[in-house]
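In: Curious how this folds, go ahead:
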Amino acid sequence: MATSTLPKSSPTPRFIEMMVLMVAVLGTGMFHIDARSVTVALPTIQVALHASINDMQWLFDIYILILTTLLLIGGVLGDRYGHVRIASIGALLFSSGAFLSGLAPSLVILISARAIQGVGAALLVPSGLALINATVASHRRARMLGLWVTMTTPLIAVGPSLAGWLVDYVSWRAVFLINVPLGLIACFIAQRYIPESRRNGATAMLDWPGVIALIIGLSGLLLGLIEGPRLGWSHPAIISALIGGVIGLIIFVLIELKSPNPMLPLHLFRHRTFSGITLMTLIYFMAFGGLLFFLVLNMQQVQGYSALATGLTLLPITLSIFALSTPVGRLTDRFGPVPLLIVGPLIASLSFFLFAQVGLEANYWISFFPPTLLLGLAMGITIVPATAVALSALPKHYSGIASGVSHAVTRLGDMLAIAVLGAIMVMGFQTNLAERVAHLPLDTNSQVLLLAQARNLGATVPPAGLSPELAQATQEAIRLAFVDSFQQVMYVCIVLTLLSVVVVVLMVQNPVAEND
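Out: Just a heads-up that it's a prediction; the model follows:
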């Protein structure tokens, strides 16, 4: 049961609902603007800070690692100490991290600032959605979630395009700074207009041992997967990291089973539908996150698009989500989420197949626009019903945990996409590049120098001292090797989306009653 303390002005319930919606929109919007905008800026940051693709993976994944781990405890903190309080703290931390990221003089400081942003997002995002679940009447909840997606989508849509313009005409640093005022506004609205909502009697010690074990486990796996292609999978450090990661996750499970106040109550996963939607979300967003990360590299490093053009290229995805979210919310209320959760991934698998056919110097309207539009259609069909199932599968007093798990597995999917699919991409690129240059008249030293750069993917450059003709042929081989590897990753994404359909069919059921 939740307690609420109204401000002295006692605003109407509908006004409170709108203020809650604004905080949820700003929180989710900041998160998505940051994630997609930074993706567009990565190629420029890589050049500006002289970073390898491994460095870029860490820049992207350190944020997701912290976010994914703390999202779980962020939901619990909201349940126990008040979602308004936790959302406000999260907004301030996120804005502070964004400000530091925009001023970072080195890659190390930038990665550290991204970690701060991860902490802030982990507190802000689940509390915003949990406030919707705690405030809005059950019969209006799916429609409110549809409105949440509808209002968030313009922010997401503007993000990549604005980021591309800032990268091309201002600075990549400005990409981080655009989130600072949004966080301050979200904090003000939460503190001024929204009544506090918390779970009664929740004063027990938080599960910090579980948090530490989960961070160790995920960090070990992340280290092994990202650095494996560079150091070699048989390197002692890689083997130790992977084994340590597995042990950390096992310890995490043991802690959660024995803890009187677990961060993640594992008994919740006895609910078949909740387990199913969690697994489906993880797999589905792993495919989606991998596509976005490598599509941006493909367009800027291989196809020759500017950052602004790349951002505009992603518009069909966000515009499709914007157009579909509200009607899909109504369809979810009327027919249930399961049919939509089957149709969406099937359309996504077709999109990935079309992306796998894209070659060099591809025409945008013929090669990129159709699969991008299909992917937007797939996401628009999937997001609202997946969120509705995640929030409705458990009793309402677990809304913070349910929201935290939903967002955590989404981000974990992104993290695994960059780590696992990144490893596949790098290994494939190394092999494909070696095959592409085998017929070129490169001496042994030049081949060694070229292949040593292969972990940089499309940012690999021909060795110095080559003739103009040979340098051009080598550059062409680099671009073709990237396209070959990109196509291989797209086929992996197809397998993932089809697997998510299987999970829905076997494990997810339409809700038969509200869980108030």
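In: quick one, strands of the stretch 401-516 of the chain?
Out: Remark: no strands are assigned in the stretch 401-516 of the chain by DSSP state E, counting those that start in this stretch.
In: Now do the helices in it.
Out: Here the stretch 401-516 of the chain has its helices, by DSSP state H, counting those that start in this stretch, at 422-437, 444-452, 468-507.
In: For the stretch 1-150 of the chain, which segments count as strands?
Out: Here the stretch 1-150 of the chain has its strands, by DSSP E, counting those that start in this stretch, at 2-5.
In: Where does the prediction get shaky in it?
Out: 1-11, 13, 36, 72, 75, 134, 136-142, 149 (pLDDT under 70).
In: Can you name the residues that contact Ser367?
Out: Going by C-beta atoms under 8 Å, 6 or more residues apart in numbering, Ser367 touches Gln357, Val358, Gly359. For the C-beta atoms, the positions are set from N, CA and C on the backbone; glycine is no exception.
In: go with 6 Å
Out: Val358 (C-beta atoms under 6 Å, 6 or more residues apart in numbering).
In: Check the spacing between it and Ala104 real quick.
Out: 36 Å (C-beta to C-beta, to the nearest Å).
In: just to revisit the earlier point, please identify the most buried of the helices of the stretch 401-516 of the chain.
Out: helix 422-437 (a mean of 21; mean count of other C-beta atoms under 10 Å).
In: what angle do that helix and helix 444-452 make?
Out: With axes from the mean of the first three to the mean of the last three C-alpha atoms, to 10 degrees defining the directions, helix 422-437 sits at 150 degrees from helix 444-452.
In: any idea of the angle helix 422-437 forms with helix 468-507?
Out: With the same axes, to 10 degrees defining the directions, helix 422-437 sits at 150 degrees from helix 468-507.
In: same for helix 422-437, what does it pack against?
Out: helix 208-231, helix 468-507 (3 or more C-beta pairs under 6 Å, 6 or more residues apart in numbering; DSSP states H and E).
In: If you average pLDDT over each of those, which is lowest?
Out: Least confident of the helices and strands packed on helix 422-437, judged by mean pLDDT, is helix 208-231 with a mean of 81.
In: Following the chain past it, name the next helix or strand.
Out: Counting by DSSP states H and E, the next helix or strand C-terminal to helix 208-231 is helix 236-258.
In: Please spell out which residues along that next one are buried.
Out: Ile238, Ala241, Leu242, Gly244, Gly245, Gly248, Leu249, Ile251, Phe252, Ile255, Glu256 (16 or more other C-beta atoms under 10 Å).
In: what does that helix contact?
Out: With C-beta under 6 Å, 6+ apart, helix 236-258 has contacts from 209-210, 213-214, 216-217, 220-221, 223-224, 228, 231, 262, 264, 266.
In: Quick one: buried ones out of the residues you listed?
Out: By 16+ other C-beta under 10 Å, the contacts of helix 236-258 give 209-210, 213-214, 216-217, 220-221, 223-224, 228, 262, 264 as buried.
In: Which pair of the residues you listed spans the longest distance?
Out: Gly228 and Pro262 (31.5 Å; C-beta to C-beta).
In: which stretches of the stretch 251-400 of the chain form helices?
Out: Counting by DSSP H, counting those that start in this stretch, the helices of the stretch 251-400 of the chain are 272-297, 307-313, 315-335, 338-355, 369-392, 399-416.
In: Those helices: which one's closest to Leu92?
Out: Minimum separation from Leu92 across the helices of the stretch 251-400 of the chain (C-beta to C-beta) falls at helix 399-416, 19.0 Å.
In: if I look at Gly82, how far off is Leu93?
Out: Taken as C-beta to C-beta, the span from Gly82 to Leu93 is 16 Å.
In: With Phe355 instead?
Out: 36 Å.
In: Between these two, point out the one with more neighbours.
Out: Applying other C-beta atoms under 10 Å to Phe355 and Leu93 shows that Phe355 carries more neighbours, namely 26 against 20.
In: ok so, going back, can you list the buried ones among the contacts of helix 236-258 in CSV and add distance to Leu131?
Out: Formatted as CSV, the buried ones among the contacts of helix 236-258 follow (distance: C-beta to C-beta, whole Å):
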residue, distance to Leu131
Pro209, 28
Gly210, 25
Ala213, 29
Leu214, 25
Ile216, 31
Gly217, 30
Gly220, 35
Leu221, 33
Leu223, 36
Gly224, 38
Gly228, 41
Pro262, 23
Leu264, 21
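In: Return the member of the residues you listed nearest to Ala423.
Out: Of all the buried ones among the contacts of helix 236-258, Gly228 has the smallest distance to Ala423: 5.8 Å, by C-beta to C-beta.
In: If we ignore the residues flanking it in sequence, what's nearest that closest one?
Out: Of all residues not flanking Gly228 in the chain, Ile238 sits nearest, at 5.0 Å (C-beta to C-beta, 6 or more residues apart in numbering).
In: next one: Leu314
Out: Closest to Leu314 by C-beta to C-beta, 6+ apart is Pro160, at 4.7 Å.
In: In this structure that neighbour contacts Val40, no?
Out: Yes - in this structure, Pro160 is within contact of Val40 by C-beta atoms under 6 Å, at 5.0 Å.
In: shared neighbours, the two?
Out: Gly311.
In: I'd like to know how far the residue nearest to Gly228 sits from Ile215.
Out: For Ile238, the distance to Ile215 equals 19 Å [C-beta to C-beta].
In: Repeat that for Pro337.
Out: Relative to Ile215, and taking C-beta to C-beta, Pro337 is found at 32 Å.
In: And for Val426?
Out: Relative to Ile215, Val426 is positioned 25 Å away (C-beta to C-beta).
In: what does stretch 292-299 contact?
Out: By C-beta under 6 Å, 6+ apart, stretch 292-299 touches Thr39, Val40, Tyr305, Thr310, Ile418, Gly458, Phe486, Val489.
In: Can you name the two of these that sit furthest apart?
Out: Across those (C-beta to C-beta), the longest gap, 20.6 Å, separates Tyr305 and Ile418.
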